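Trainee: following is a predicted model, sequence given first.
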Amino acid sequence: MSQKTPRSFFKPLSIGAPEPYRELPVKLERMIHFVPPHLDKVRAKVPDMAPTVDVILANLEDAIPADAKDAARAGAIEMANMYDWQGKGTGFWSRVNCLNSPWFQDDVSELVLKAGHQLDVIMLPKVEGPWDIHFADQYVAQLEAKAGLTRPILFHAILETAEGVARVEEIALASPRMQGISLGPADLAASRKMKTTRVGGGHPFYRVIEDPKEDGSARLSAQQDPWHYTIARLVDACRMAGINAFYGPFGDIGDLEACEQQFRNAFLLGCAGTWSLHPSQIAVAKRVFSPDPEEVKFARKILAAMPDGSGVAMIDGKMQDDATWKQAKVISDLADLVASKDPDLAAAYAG
Ligand SMILES: CC(=O)SCCNC(=O)CCNC(=O)[C@H](O)C(C)(C)COP(=O)(O)OP(=O)(O)OC[C@H]1O[C@@H](n2cnc3c(N)ncnc32)[C@H](O)[C@@H]1OP(=O)(O)O
Ligand SMILES: O=CC(=O)O
Ligand SMILES: [Mg+2]
């Protein structure tokens, strides 16, 4: 037997560590905004930026130069104390360096011991299997106990190696600490030996083409989404485990139109949110990961037409039954969550 028993799965892994959650807290996480914490100028913007996003993440891993890792860690701990994250409802996360790096141990121990009371989620990069989660789980439990924390810190894995994709279901189920998983298209492309230098998004050479024309005229072709398979697989693994799937980075900062399309594909397939790397991507993520007011109106028509969620109804020429009631509930519940944070959208959904 390689799995824990149902009874032991929810036991704290260290004496004095908080009880793991049985149900995850329901939170709006449309965008996880990445901040480079070693840059004084950017860090100083955190208190003003915090109320405008759902989650702020202090990034300690890739994009932080090796000689700035200590400064980034210190900056992350400063960020934890720059805002009342727990009181004001904006998530505070940190992406630590990967488990085999020289920085992982200090990243995790300092964050939990010095900032654990404000930290919601530790993002773990390059997770390859459940053993990575188990190791971090035990280590964080010991630190939580030492810090006297009463609320468990959650884990978010990045899916960015071929091995991780092959084991995504096991990763999603590895611990009650698992909050979600993001796609990491840059590292994943390298791990798979995909031939691209892009960070997410499409590629002009990845297409399907129609059959040759008898008259020899030009054949139509259309770009395809190279991330479709992975996102769909990620969503299934996460939703099976009762956690959330997220798109990751979109690296072409200047191309907001393509960014919006990539985010929207992920939203439609079931993702709860995405990363924003630059302030310009925040509004895009907010727009895409908040349901459209017209969709919300239609979803609520379905719920109203079938108050007990059973039977069949026709609305605007479309058949509705128990299954579409459940689809409508997903959209309506998300709209309620968005409305609780955003007065403009609350008004649009009420209208
Ligand atoms: C594959 C992966 O792992 S992805 C995750 C790792 N990568 C990251 O986390 C990158 C995070 N983002 C960044 O570091 C930056 O946005 C960059 C390097 C991509 C671009 O930075 P810049 O060239 O400075 O962008 P730009 O000049 O447009 O910035 C405009 C303003 O926004 C600020 N800004 C840029 N990015 C951010 C950010 N993530 N958060 C807050 N403020 C930011 C800049 O400091 C600048 O402020 P100023 O007007 O007061 O000078
Ligand atoms: O960490 C993210 C990635 O795309 O790699
Ligand atoms: Mg990566």
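Mentor: It's in. Ligands and ions are numbered 1, 2, ... in the order given.
Trainee: I figured residue 191 hits residue 158, correct?
Mentor: No - judged on Cβ atoms under 8 Å, residue 191 makes no contact with residue 158 at a distance of 11.5 Å. (C-beta placed from N, C-alpha, C; glycine too.)
Trainee: between those two, who's got more neighbours?
Mentor: Comparing residue 191 with residue 158 by other Cβ atoms under 10 Å, the one with more neighbours is residue 158, at 25 against 17.
Trainee: doesn't the more buried one belong to a strand?
Mentor: Yes - applying DSSP: H, G, I helix; E, B strand; the rest coil, one finds residue 158 inside a strand.
Trainee: now for the closest residue in space to it that isn't next to it in sequence, how many residues are close by?
Mentor: Counting by Cβ to Cβ, 6 or more residues apart in numbering, residue 184 is the residue found nearest to residue 158 once chain neighbours are left out, at 4.2 Å. The tally of other residues near residue 184 (other Cβ under 10 Å) stands at 26.
Trainee: what's near enough to touch residue 184?
Mentor: Neighbouring residues of residue 184 by Cβ atoms under 8 Å, 6 or more residues apart in numbering: 125-126, 158-160, 248-249.
Trainee: 10 Å - rerun?
Mentor: By Cβ atoms under 10 Å, 6 or more residues apart in numbering, residue 184 lies in contact with 62, 125-127, 157-161, 164, 190-191, 199-200, 230, 248-249, 275.
Trainee: how close does residue 231 sit to ligand 1?
Mentor: 16 Å (Cβ to the nearest ligand atom, to the nearest Å).
Trainee: so that residue lies in a helix, does it not?
Mentor: Yes - counting by three-state DSSP, residue 231 is found in a helix.
Trainee: that one reaches residue 188, doesn't it?
Mentor: No - applying Cβ atoms under 10 Å as the test, residue 231 and residue 188 come out as separate, 11.1 Å apart.
Trainee: which neighbours do these two share?
Mentor: With Cβ under 10 Å, 6+ apart as the test, residue 231 and residue 188 both reach 159, 248.
Trainee: tell me the contacts of the residue located most distally from the centre of the chain?
Mentor: Residue farthest from the centre of the chain, counting by Cα atoms, centre = their mean, is residue 215 at 48.9 Å. Residue 215 makes no contacts at all, as judged by Cβ under 10 Å, 6+ apart.
Trainee: just the element for residue 208, please.
Mentor: Here residue 208 sits within strand 207-209, counting by DSSP states H and E.
Trainee: where does pLDDT dip in the protein?
Mentor: Along the chain, the model assigns pLDDT under 70 to residues 1.
Trainee: closest to the centroid, which residue in it?
Mentor: For the chain, the residue nearest the mean C-alpha position is residue 246 (3.4 Å; Cα atoms, centre = their mean).
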